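>>> Based on what follows, work out the 3D shape:
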Amino acid sequence: MKKLAATLAFLLLAAPVAAQRMTLGAFRFVQESDPITDKNASYAYTDGLVDSDTALHLWCQEGELTVAFDPSTYLGPSSYDMYWRFDKTPSVGPFKFDESKKGTWAYIPTNMVSRFLTSAKSAKQVTLRANDQKGVPYTDTFDLRGIGDVLKRLKC
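So this is what the prediction gives:
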């Protein structure tokens with residue numbers, strides 16, 4: 001019996017801590033940390049209002065907050081035009097998005113993330129458009145409720 005109790009205690013103590021998942025407004029937030037470095041590995045995302053297969057993602061990467069639009073399609077092997085528009089404000093763009101390695105996500109350029117997030121905190125929605133290699137636009141709108149709470153938890 002002591003051996004069984006000791007084995008159970010070991011398994012409970014050795015089990016990795018499960019990521020905490022919660023809903024923050026329109027965002028799903030997953031709080032976790034790297035098990036070796038303890039760096040924040042949390043992330044958040046919200047689905048598109050027009051196409052639920054698209055998503056707006058936020059996470060820490062190499063000590064910087066990263067924002068990406070997943071249009072749920074292959075964009076191409078390079079960087080193409082991207083735009084954003086918060087509520088009814090004038091749109092920003094075109095600018096070249098930073099591409100993902102697989103050509104499927106459009107990253108807000110690092111030097112524009114702060115500007116994007118400042119506007120996002122006071123907006124209700126953002127519409128993102130990324131053009132693929134043929135110039136075909138992929139557009140969706142995202143609900144920004146809860147982004148302030150997400151940003152408080154994503155400390156890079």
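
>>> Quick one: low-confidence residue ranges for this structure.
Across the chain, the ranges flagged by pLDDT under 70 are 1-18.

>>> Now do the helices in the protein.
For the chain, the helices defined by DSSP state H cover 2-14, 113-121, 147-153.

>>> nearest residue to Leu65 other than its sequence neighbours?
Nearest non-adjacent residue to Leu65, counting by CB to CB, 6 or more residues apart in numbering: Cys156, 5.1 Å away. Heads up, the C-betas are built off the backbone N, CA and C, glycines and all.

>>> which residue is nearest the centroid of this structure?
In the chain, the centroid-proximal residue (CA atoms, centre = their mean) is His57; its distance is 1.5 Å.

>>> That residue against Tyr45, yeah?
Yes: the criterion here is CB atoms under 8 Å, and His57 meets it with Tyr45 at 4.7 Å.

>>> Give me the neighbour count for Glu62.
The criterion is other CB atoms under 10 Å. On that basis, Glu62 has 8 neighbouring residues.

>>> quick one: the strands in this protein?
Secondary structure of the chain (DSSP state E): strands located at 20-24, 27-31, 43-47, 55-61, 64-70, 81-86, 92-96, 98-99, 106-107, 125-131, 137-143.

>>> other SSEs contacting the last one?
Here strand 137-143 is seen to pack against strand 43-47, strand 125-131 when contacts are counted using 3 or more CB pairs under 8 Å, 6 or more residues apart in numbering; DSSP states H and E.

>>> As TSV, those strands with mean neighbour count and distance to Leu75 would be great.
Rendered in TSV, the data for these read as follows (neighbours: other CB atoms under 10 Å; distance: least, CB to CB, whole Å):
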stretch	mean neighbour count	distance to Leu75
strand 43-47	21	18
strand 125-131	21	6
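
>>> I'd like to know which of those lies nearest to Lys152.
Lys152 lies closest to strand 43-47 among those, at 11.0 Å (CB to CB).

>>> Note down every partner strand of that closest one and its orientation.
Looking at strand 43-47 with DSSP bridges, its paired strands and their directions are strand 27-31 (antiparallel), strand 55-61 (antiparallel).
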